[in-house]
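In: Here is my input; please provide its structure:
(one chain, ligands or ions: 2)
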Amino acid sequence: MAKIGQDIFEAKSFLKEGKLVAIPTETVYGLAGNALNAASVASIFETKNRPSFDPLIIHISSFERVSEFVESFPEPLLLLAEKFWPGPLTLLLPRKPIIPDLVTSGLERVAVRVPNHPLTNSLLEILDFPLAAPSANPFGYISPTSAKHVQDQLGEKIPYILDGGRCQVGLESTIVGMEEDEVFIYRLGGLEVDAIERVIGPVLIKNHSSSNPQAPGLLESHYAPRKPFLLGDLDELILNHLQGKKKFGVMSLSKSFGGVNVKTQRQLSKSGDLKEAAQNLFASMRYLDEQDIEVILAEKMPAIGLGNAINDRLKRAAAQ
Ligand code: TXA
Ligand code: MG
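Out: Ligands and ions are numbered 1, 2, ... in the order given. Have a look, this model is predicted:
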């Protein structure tokens, strides 16, 4: 099993040797390795079972260091970085040759982010290389939002998990880049589209894999529990399942349902707060996936703010 601790110097010594360490961020836990060391990067893909056509995000300690890794910084993206870094925003920027091909899967742009977590930010400050880090889950499964989630799935494969508690945002970063003069959102995430548009005006959303060669990793079926996951009107879904023989669990925004075992019900936010719902989403999916049930029933969130990013994850979980 991996050692779980809060020692950034111990984490650093593993990373310097080319080993992988799980790191907390405000979004989800990452599976980190030296981004400039192709062998470390290769072992990230291997450890996660991730196809190598799915590129990685590099994490840097501050805005000031980005010019070491990127050729240029288009104005609208610069404005976003100034406003939202450190934070749940990933920018696609023209890469310098120092970034190994494996990190970008050969693409011309590299995904960069300055995360916002005290432990990981102090770790990044004592390293002289950036960290490539995908979410610390086996490919296709739900992203981890606690050290225990990482231990449960990757504990046998890595030496150290830096424990930074529960992730405060709970959804992966929002990915933004430019094509010609237009700004695109390639993945809805922890930074709301409205907040982005307040800074740079209207943006286009290109959130789907099938028509999205720019972000090949955004596969339709993703973030998925092992159990069948049905998304729809909960009253109706529950009614149908009460008549059948299959044991089921329920994940709602705020409603609780009489006649359903409370142990197999999860409310993402009793007050209907979408920020709280985002924080609880992945842990609730994992919880239900581990219960003695055969199917998980869930409902969509209101399509406002973080609700859109949550719905994106719910749809991918349901697309099995
Ligand atoms: O919040 C997050 O972004 C977390 C934490 C750990 O930072 N990381 C994360 O990484 O979610 P990952 O690897 O699970 O998702 C990164 C996504 C992938 O879908 C990938 O396709 C896209 O970013 N991506 C990475 N580099 C890219 C590039 N050069 N061009 C287009 N898409 C890219
Ligand atoms: Mg991921």
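In: Gly170 contacts Met285, correct?
Out: No: between Gly170 and Met285 there is no contact, the gap being 11.0 Å when judged by Cβ atoms under 8 Å. Where you see a C-beta, it was placed from the backbone N, CA and C, and this is true even at glycine.
In: OK, contacts around Ile44?
Out: 20, 31-33, 50, 56, 132-134 (Cβ atoms under 8 Å, 6 or more residues apart in numbering).
In: Which strand or helix spans it?
Out: When secondary structure is defined by DSSP states H and E, Ile44 falls within helix 38-48.
In: close to ligand 1, is the helix or strand that that helix is followed by?
Out: Per DSSP H and E, the first helix or strand lying C-terminal to helix 38-48 is strand 57-59. Yes: with Cβ under 6 Å from any ligand atom as the criterion, ligand 1 is reached by strand 57-59 at Ile57.
In: can you list the residues that contact strand 57-59?
Out: With contact meaning Cβ under 8 Å, 6+ apart, strand 57-59 is reached by 23, 25, 30, 32, 35, 69, 90, 99, 103, 110-115, 120, 124, 130-134, 173.
In: quick revisit: does ligand 1 have contacts with the helix holding Ile44?
Out: No: for a cut-off given as Cβ under 6 Å from any ligand atom, helix 38-48 has no contacts with ligand 1; the smallest distance is 8.4 Å.
In: sorry, back to before: least confident pick among the contacts of Ile44?
Out: When it comes to pLDDT, Arg50 is the least confident member of the contacts of Ile44, at 93.
In: What distance do you get for the nearest residue to Asn311 once chain neighbours are set aside to Leu230?
Out: Excluding its sequence neighbours, the residue lying closest to Asn311 (Cβ to Cβ, 6 or more residues apart in numbering) is Lys300, at 5.2 Å. For Lys300, the distance to Leu230 under the criterion Cβ to Cβ, to the nearest Å works out to 12 Å.
In: With Ala277 instead?
Out: Distance check for Ala277 against Leu230: by Cβ to Cβ, it reads 18 Å.
In: More neighbours: which of those two?
Out: Between Ala277 and Leu230, counted using other Cβ atoms under 10 Å, the more crowded position is Ala277 (25 against 17).
In: Could you report the neighbour count for the closest residue to the more buried one other than its chain neighbours?
Out: In space, Ala277 comes closest to Leu268 once its chain neighbours are excluded; the distance is 3.6 Å by Cβ to Cβ, 6+ apart. Leu268 has 25 neighbours, counted by other Cβ under 10 Å.
In: Make 24 the starting number, not 1.
Out: Let's use 24 as the start, then, which means that last one is Leu291.
In: who touches Leu291 in this structure?
Out: Residues in contact with Leu291 (Cβ under 8 Å, 6+ apart) are 274-277, 299-300, 303-304, 307, 324, 333.
In: I'd like the residues you listed laid out as CSV, including distance to Leu102, pLDDT and secondary structure.
Out: Formatted as CSV, the contacts of Leu291 follow (distance: Cβ to Cβ, whole Å; pLDDT from 0 to 100; DSSP: H, G, I helix; E, B strand; the rest coil):
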residue, distance to Leu102, pLDDT, secondary structure
Met274, 37, 98, strand
Ser275, 38, 98, strand
Leu276, 33, 98, coil
Ser277, 36, 98, coil
Glu299, 29, 98, helix
Ala300, 29, 98, helix
Asn303, 32, 98, helix
Leu304, 29, 98, helix
Ser307, 35, 98, helix
Met324, 29, 98, coil
Ile333, 26, 98, helix
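In: most neighbours, which of those?
Out: The residue in these with the most neighbours, by other Cβ under 10 Å, is Leu304 (28 neighbours).
In: Test my guess that it contacts Glu195.
Out: No: with contact taken as Cβ under 8 Å, Leu304 and Glu195 are classed as non-touching, separated by 10.9 Å.
In: And the worst-scoring helix or strand of the chain on mean pLDDT, what's buried?
Out: The weakest-scoring helix or strand in the chain, judged by mean pLDDT, DSSP states H and E, is helix 257-266 (a mean of 94). Of the residues in helix 257-266, 257, 260-261, 264 count as buried by neighbour count, 16 or more other Cβ atoms under 10 Å.
In: This completes my enquiry, with thanks.
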